[in-house]
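K.L.:
Got a predicted model here, sequence first, then my questions.
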Amino acid sequence: QFDNENPLLNINEPEDGKTIQGGDKKVKVSGETEPGVKVFINDTQVIVDKDGNFSIDQPLNEGDNTLSIKAVDSASNTTEVQRKVTYIP
């Protein structure tokens, strides 16, 4: 049957509008989707485990960073979530 439902995408962290000060110039991005769904953060594919969970340290630039987190299923249905993270050295 034709699948036209967008895949589930829950982002556990970071929360939107998070500010990171000092330390490592990166943020942990983690969340869950459905098994077999591909996840991309700013167009870079991340590894999703068999249960649909993913977690990655995403490098940041100074100032405002917009993270675009995208779940794409086998029928090319897409769910996109954006998170804004600010890095202050």
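P.N.:
Received the coordinates, thanks. For clarity, every value in this text was computed on a predicted model and none was experimentally measured.
K.L.:
In contact with the spatially most central residue of the chain, which residues are there?
P.N.:
Residue closest to the average C-alpha location in the chain (C-alpha atoms, centre = their mean): residue 69, at 3.5 Å. Residue 69 makes contacts with 9, 11, 29, 31, 39-41, 80-83, as judged by C-beta atoms under 8 Å, 6 or more residues apart in numbering. From N, CA and C alone the C-beta is placed, and that goes for glycine too.
K.L.:
Give me the buried entries from these.
P.N.:
By neighbour count, with 16 or more other C-beta atoms under 10 Å, those hold 9, 11, 29, 31, 39, 41, 83 as buried.
K.L.:
If the fourth one is in a bridge, with which residues?
P.N.:
With DSSP bridges as the criterion, the beta-bridge partners of residue 31 are residue 11, residue 54.
K.L.:
What segments of this protein are strands?
P.N.:
Along the chain, counting by DSSP state E, strands occupy 9-13, 18-21, 26-33, 38-41, 44-46, 53-59, 63-72, 78-88.
K.L.:
Can you lay out those as TSV showing mean pLDDT and distance to residue 3?
P.N.:
Listed next are those as TSV, based on pLDDT from 0 to 100; distance: least, C-beta to C-beta, whole Å:
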stretch	mean pLDDT	distance to residue 3
strand 9-13	98	16
strand 18-21	98	33
strand 26-33	98	14
strand 38-41	98	14
strand 44-46	98	20
strand 53-59	98	21
strand 63-72	98	12
strand 78-88	98	12
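K.L.:
on that earlier part again, nearest to residue 50, out of the contacts of residue 69: which one, please.
P.N.:
residue 39 (13.6 Å; C-beta to C-beta).
K.L.:
buried stuff in stretch 71-84?
P.N.:
For stretch 71-84, a neighbour-count test (16+ other C-beta under 10 Å) marks 71-73, 79, 83 as buried.
K.L.:
Tell me who's in contact with residue 47.
P.N.:
54, 56.
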